[in-house]
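> based on what follows, work out the 3D shape:
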Amino acid sequence: MAFHLCSSPSSFLQDRHYPRSSLPCPPSSKLRSFIFPRGPDFLSLRSKPSCRATAQVSVDGAVAQETRDPVPESPDSPNPDGKTGSSSRSYIWVNPNSPRASKLRQQSYDARYGLLVNVAESLNSCGSSEDDVFGVLRGLGDKILEQDAVVVLNKMANAENAVLALKYFQQRIRPRREVIMYNVTLKVFRKCRDLERAEKLFAKMLERGVKPDNVTFSTIIGCARMCSLPAEAIEWFNKMPQFGCNPDDVTYSAMIDAYGRAGNVDMALSLYDRARTEKWRVDVGTFSTLIKIYGQTKNFDGCLNVYEEMKALGVKPNLVIYNTLLDAMGRAKRPWQAKILYKELISNGFTPSFATYAALIRAYGKARYSEDALAIYREMKDKGMQLNVILYNTLLAMCADVGYMDEAVEIFEEMKSSGTCQPDSWTFSSLITIYSCSGKVSEAEAMLDQMLEAGFEPNLFVLTSLIQCYGKTQRTDDVVSTFNRLLELAITPDDRFCGCLLNVMTQTPSEDLDKLVYCIEKANPKLGNVVKLLIKEHDSELNFKEEALELFKSINADVKKAYCNCLIDLCVNANLLEKACELLDLGLTLEIYTDMQSRSATQWSLHLKSLSLGAALTALHVWINDLSKALQSGEELPPLLGINTGHGKHKYSDKGLASVFESHLKELNAPFHEAPDKVGWFLTTKIAAQSWLESRSSLELEAS
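Presented below is the predicted three-dimensional model:
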C-alpha cells in the first residue's frame, strides 16, 4: 500500500482557537511506499489524513493556501526510482525500496518540525537577553520560512523571550500576513496570563501598520478571561467593530463568561439564550460561569437546567462544574441533590478536591445532615487534608444545632492540634452554646475562660447562650449578672436575646420572676410592659391586649412565634388560662400561627408541631371547646378526629411534645390514642369523641 509522507504544514491551520501539541509521525520499522515532491520546497508535501500533523496555530486561510501551493520543479529532476516525472504534478510516488528513500524522508518537513520544536523549548529556558534569544534562533539557518516562525512561536511558553523571537523573525522574513505571527505571539501571552504584554504588543502591531483580525481579538479576550479580568475582556470585545472585526460564535461564547464574571447578568443570559438558539459552541468554563450566575441570583433550578443542557450538548462536566453545582445546592439548602451530584462525580472517575469537600460540608452542615457532614470530615482527615477555620466552625455550628456534644469536643480538640488554624470567636461560641443548651454550666464557663484567654470578648451570641444555660439550671442571679455584663460591654440586646430572657422566665420559680422583669424592661420596654401586665394582673384586659398587639408589631417576624409561645407558657404556669387563650387568638389573628386546625369530610385535626407545651395545651383546650360547640349546634362530627404533635424530640432533651401530651390526654380521660402506623398522631373515632364530649359537658353543668 502506498504511504504518504507526513509533511503537510497546512495541518497547522485548521483550528484557530484550540492549539494542540503534535509529534511527527513515528518512523516505521519497515519503510513502505510514500509520496515525495519533485521540487525542493518541503511545504508542498501533502499528507494523508491518517498521518497529518496535529499542531494547530492561529493562522488564516491565506497562509494555509500559500503553504499548500506547489513550487514548480525542474522537468529533469530525477525520481528516486530513476524515472522522470511530469512537471505538472506536485508530488510523485516513491518506491520504498529506493536507496534514496530514507534520505528523502529525512529531508521532509517532519525532520524540520522536530528541529523547530527543539528550538522553541530552548527559547523557553534560555536567558532573556537579545543575544541569548538570537543565538538560539541562528540555529535555524538563513533560510527561514514563515511557517517556521509560526511553529516556533506557537510552541513557546516564555512571554519575555517570545517578544524577542518575534523581533528576530520580523528582521528576516517578509510574511504575506504579518498578523499571523502577532497572533501566535499573543497566544504565548495568553498561556502566560500576561495581559499587560499582550496589550503592549497590540499597540506595537498598530504602530507597524498591521491590521488586527478576529483571532487577534479573541486571543486577547481569552487572555483577559484567563487572568480573571472580565471587565478588560468586555473592553476588548467592544473595540472589535472599530477595526472591522465581527465576533464569531466562539468569541460570543467567551463573552458569556466575561459578562457573567463582570456581573452583567442580563447580557450574559441574553447571549446564552442566543447561543442556545443559534447552537454556538459553548465551552465548559462558560457553563461553569452560567451555573454561578444562576446560583448568585438564587435561581437554583436554573443551575440544574444549565447542567442538563450542557450534558445534552455533549459537553462533559469537569471537577469545576461539579464543585460549582455542589456550592449552589448548599446555598439552596438542597443537601439531597448535593449527595446525588457527589455520587455522579465519583462514578465519573473524578477525585474530590478540597473545594469539593468544602462545598459538601457547607451543604450538609447548614441542612443539619449531621452524619453526612461528619463522614465527609473524616474522609478529609483520612486523606490528610487540612480544614480551615470556616469549615471547622461550620461543623461545630451544626453540632450545636443537633446537640452533638461529644463530636463537637472531638472536632474542637482536632482543630486546636491541627497547627494550621486556631479557634476564633465563633468557634468558642459554638462550644459554649452546646454546653449551655445541655445545662453543663461548669463546662460552659470553662470554655468562656478559654475564649477570654485567647483574646476574644464574649459577644451577644455567647451571652445569650450563657443566659440560657443559667436559666435551665435556675441560677437566676447568674442570669442577672450576665445581663449586666452585656450592658457593661455596651452590647445592644436584640430580639433573640430578649426571647431568650423570656424563655428563661418560663423556667424560673415565681419568687424570682421580678429579677428577670427588671432585665426585660431594660432590654425591651414594650416586652417589659406586656410581662408586667401578665404577671402582676393589675391592669385591664383591653390594656393587656393592646400592649401585646404593639409588641408583636414591633419585633421581627422570625421571633414572633417564639415570643407568643413563651408568653402563653407564662400564662399556663401562672394558671391564667383566659389570657393564654387571648394570646393564642391574637397569634391566629396576626397569622403567627397558621393551619392549626384542618377539616375534611372524613377527619378533623389539630396540628401542634411548632408549638411550645403551654401553647399546645392551650390550643387543645380551645379545640375541645370548638368540638363541644359544634356538637351542641347539631353539627355532625367526621368519622375520625386526630391530634398531630409531631414525633421529634428536642435536640437537647429526651422528651418531645408527643410523650408529654400522651400523659395529659390520659388525665383528661380523652379517648385519643397514639396511632401505631402514624407516629406523632393521636386518633379517636366519632362515636368515642361524641360520647366523651357529652359526658364532659354534663360534668361541667354539674360543677356549675
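> how about the contacts made by Gln337?
304, 329 (CB atoms under 8 Å, 6 or more residues apart in numbering). C-beta: built from backbone N, CA, C; applies to glycine.
> go again using 7 Å as the cut-off
Residues in contact with Gln337 (CB atoms under 7 Å, 6 or more residues apart in numbering) are Met329.
> for it, give me the pLDDT.
Among the per-residue scores, Gln337 shows a pLDDT of 94.
> low pLDDT regions in the chain?
With pLDDT under 70 as the threshold, the chain has low-confidence stretches at 1-111, 537-542, 648-655, 699-704.
> now do the buried residues in stretch 658-665.
In terms of neighbour count (16 or more other CB atoms under 10 Å), stretch 658-665 has its buried residues at 658, 661, 665.
> flag every buried residue along the longest helix anywhere in the chain.
Taking DSSP state H as the criterion, the chain has its longest helix at helix 613-632. Neighbour counts using 16+ other CB under 10 Å place 613-624, 627, 631 of helix 613-632 among the buried residues.
> Throw these into a markdown table and include distance to Ala557, thanks.
Shown next, in a markdown table, are the buried residues of helix 613-632 (distance: CB to CB, whole Å):
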| residue | distance to Ala557 |
| --- | --- |
| Leu613 | 23 |
| Gly614 | 21 |
| Ala615 | 17 |
| Ala616 | 21 |
| Leu617 | 25 |
| Thr618 | 22 |
| Ala619 | 21 |
| Leu620 | 26 |
| His621 | 27 |
| Val622 | 23 |
| Trp623 | 25 |
| Ile624 | 30 |
| Leu627 | 31 |
| Leu631 | 37 |
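> ok, the residues you listed vs Arg208, which is closest?
Ala615 (82.1 Å; CB to CB).
> please identify the buried residues of stretch 137-147?
Neighbour count says stretch 137-147 has 137, 140, 144-147 buried, by 16+ other CB under 10 Å.
> pull the residues that contact stretch 596-610.
By CB under 7 Å, 6+ apart, the list of residues contacting stretch 596-610 reads 561, 588, 595, 616, 619-620, 623, 638-646, 657.
> which among these end up buried?
Buried by 16+ other CB under 10 Å: 561, 588, 616, 619-620, 623, 638, 641-646, 657, out of these.
> neighbours of Ser417, how many?
Per other CB atoms under 10 Å, the neighbour tally for Ser417 reads 7.
> what's the spacing between it and Lys381?
12 Å (CB to CB, to the nearest Å).
> check Ala523 too.
Ala523 is 43 Å from Lys381, by CB to CB.
> got it, and Lys609?
Counting by CB to CB, the gap from Lys609 to Lys381 is 37 Å.
> then Asn543?
Distance from Asn543 to Lys381, by CB to CB: 60 Å.
> again with Leu116
50 Å.
> the two: who's more crowded?
Leu116 (23 against 13).
> for the closest residue to the more buried one other than its chain neighbours, pull up the helix or strand it's in.
Spatial nearest neighbour of Leu116, excluding adjacent residues (CB to CB, 6 or more residues apart in numbering): Val151 at 4.4 Å. Secondary structure from DSSP states H and E places Val151 in helix 146-155.
> part of a strand, is Leu683?
Yes. Remark: Leu683 belongs to a strand, assigned using DSSP: H, G, I helix; E, B strand; the rest coil.
> who does it form a beta bridge with?
Taking DSSP bridges as the rule, Leu683 bridges to Gly642, His673.
> residues in contact with it?
640, 642, 672-673, 675.
> among these, which pair sits farthest apart?
Greatest spacing in the contacts of Leu683, by CB to CB: Leu640 and His673 (12.1 Å).
> can you pull out the helices in the stretch 501-650 of the chain?
Remark: helices assigned in the stretch 501-650 of the chain by DSSP state H, counting those that start in this stretch are 513-523, 525-536, 541-554, 557-573, 577-589, 613-632.
> between the ones you listed, which one is nearest to Asp248?
For the helices of the stretch 501-650 of the chain, proximity to Asp248 was assessed by CB to CB; helix 557-573 is nearest, at 51.5 Å.
> run the angle between that closest one and helix 525-536 for me.
20 degrees (axes from the mean of the first three to the mean of the last three CA atoms, to 10 degrees).
> how far away is the closest residue to Ser628 other than its chain neighbours from Ala616?
Residue nearest to Ser628 in three dimensions, not counting chain neighbours: Leu693, with 5.3 Å by CB to CB, 6+ apart. Per CB to CB, Leu693 is found 20 Å from Ala616.
> now do Glu636
27 Å.
> do the same with Thr356
Applying CB to CB to Thr356 and Ala616 gives a distance of 43 Å.
> ok, now Val402?
Distance from Val402 to Ala616, by CB to CB: 23 Å.
> circling back: hmm, the residue nearest to Leu116 is touching Gly114, no?
No. The criterion here is CB atoms under 7 Å, and Val151 misses it with Gly114 at 10.3 Å.
> what is the nearest of the buried ones among the contacts of stretch 596-610 to Cys126?
Of the buried ones among the contacts of stretch 596-610, the one sitting nearest to Cys126 (CB to CB) turns out to be Lys561, at 73.3 Å.
> for the stretch 201-350 of the chain, what spans make up the helices?
Under DSSP H, counting those that start in this stretch, the stretch 201-350 of the chain gives helices at 214-226, 230-239, 249-262, 265-278, 284-296, 300-312, 319-331, 335-347.
> now distance to Leu374 too, for these, in a markdown table please.
Converted to a markdown table, those look like this (distance: least, CB to CB, whole Å):
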| stretch | distance to Leu374 |
| --- | --- |
| helix 214-226 | 38 |
| helix 230-239 | 38 |
| helix 249-262 | 35 |
| helix 265-278 | 37 |
| helix 284-296 | 26 |
| helix 300-312 | 25 |
| helix 319-331 | 16 |
| helix 335-347 | 13 |
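> for Ala574, list the residues it contacts.
Ile535.
> 10 Å - rerun?
510, 513, 534-535, 537, 580 (CB atoms under 10 Å, 6 or more residues apart in numbering).
> looking at those, which has the most residues close by?
Ala580 (26 neighbours).
> shouldn't that one be in contact with Cys566?
No. Using CB atoms under 10 Å, Ala580 is not in contact with Cys566; the gap is 11.6 Å.
> intersection of neighbour lists for those two?
614-615.
> and the residue nearest the centre of this structure?
Compute the mean C-alpha point of the chain, and by CA atoms, centre = their mean the closest residue is Asp327, 2.0 Å away.
> what sits against that residue?
291-292, 295, 303, 338, 355-356, 358-360, 362-363.
> quick one: it from Lys292, how far?
For Asp327 relative to Lys292 (CB to CB), the value is 8 Å.
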